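[1] predicted structure and sequence below. I'll ask about it afterward.
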Amino acid sequence: MFRRSGSFVCFFFDGRGPDPLSDGFLESLAKYRFRSIENAASEQTAVGWVTRSDPTGGSFDREDMDCDAAVWMRMRLDKKAAPTKWLQIHRQAAERSAGHKLSSKERKELKEDLLSKLLPRVLPTISLVDALLFPEQRMVMLFGTSNNVKEAFLSLFYKTFSLSLRSADPYQLAMSLDLDSARQQALETISPIQWPNDRRARPATTQTDPALPVAELTEEAN
């Protein structure tokens, strides 16, 4: 269903989350569905929800998002921009024709004229980003780690459900697991170790894994 390899980031939210079984959930997705910029005559970006069976954002079927304990959500991110080299070539041709370098005002007017005429013929780049929503754990796994993708997803999620997502830390991830009470209490008492800056002052590494050669451990400790 997903890529065999890749990275993801986890987020948590507070309060009452969206109910995937409610009609309001599908209505919220449809309200912020993806809308095409294929015929746009200006440089812009479009972000919205789609499903695995309908990448246009025209329909939202619950069956397309069912993933056992999670809800399979998909964000489509389109960006339309004129290639920089393409604009440079047209500017150089205009300067050769005029016999002089174009001023800032002339370059701006030339760019606006080119974009209005040719951008409708330029297809946007398309990115499909998957995410898993776990309502019981109040957690979201986003299968995209770039800053642009994360910012777009956080903004879209907030607009759709009026919920802010916060980045997960190891403690939150551990507490989201189905742990027994003893392990949960143990997590409450765990605190990070502050190692000194001087590596020579750190405790010597001991061999805990019999499969790891002593030479590697000694080299790592040094």
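    On my side now, so go ahead.
[2] quickly find the element holding residue 27.
    helix 23-31 (DSSP states H and E).
[3] which strands or helices does the following helix or strand past that helix pack on?
    Sequence order places strand 44-50 as the next helix or strand after helix 23-31, per DSSP H and E. Applying 3 or more C-beta pairs under 8 Å, 6 or more residues apart in numbering; DSSP states H and E, we find strand 44-50 packed against strand 70-80, helix 147-161. To be clear about C-beta, it is placed using only N, CA and C from the backbone, and glycine gets the same treatment.
[4] just checking, next helix/strand downstream of the first one?
    To tie it back to what came earlier, the one meant is strand 70-80. Using DSSP H and E, the helix or strand that follows strand 70-80 in sequence is helix 84-98.
[5] how about that next one: buried residues?
    87, 91 (16 or more other C-beta atoms under 10 Å).
[6] for that helix, the averaged confidence score.
    Averaging pLDDT along helix 84-98 gives 85.
[7] which elements pack onto that helix?
    Packing partners of helix 84-98 (3+ C-beta pairs under 8 Å, 6+ apart): helix 104-118.
[8] the inter-axis angle of the helix or strand just after the helix it packs on versus helix 147-161?
    Reading on from helix 104-118 to the C-terminus, the next helix or strand found by DSSP H and E is strand 125-134. Angle, strand 125-134 to helix 147-161, by axes from the mean of the first three to the mean of the last three C-alpha atoms, to 10 degrees: 60 degrees.
[9] can you tell me the strand partners of strand 125-134 and which way each runs?
    strand 70-80 (antiparallel), strand 139-142 (antiparallel) (DSSP bridges).
[10] could you tell me the end-to-end distance of stretch 98-112?
    Terminal residues of stretch 98-112 lie 18 Å apart, using C-alpha to C-alpha, to the nearest Å.
[11] got the buried residues for that stretch?
    Neighbour-count burial for stretch 98-112 flags residue 110 (criterion: 16+ other C-beta under 10 Å).
[12] which outside residues touch that stretch?
    Identification of contacts with stretch 98-112 by C-beta atoms under 8 Å, 6 or more residues apart in numbering yields 87, 90-91, 94-95.
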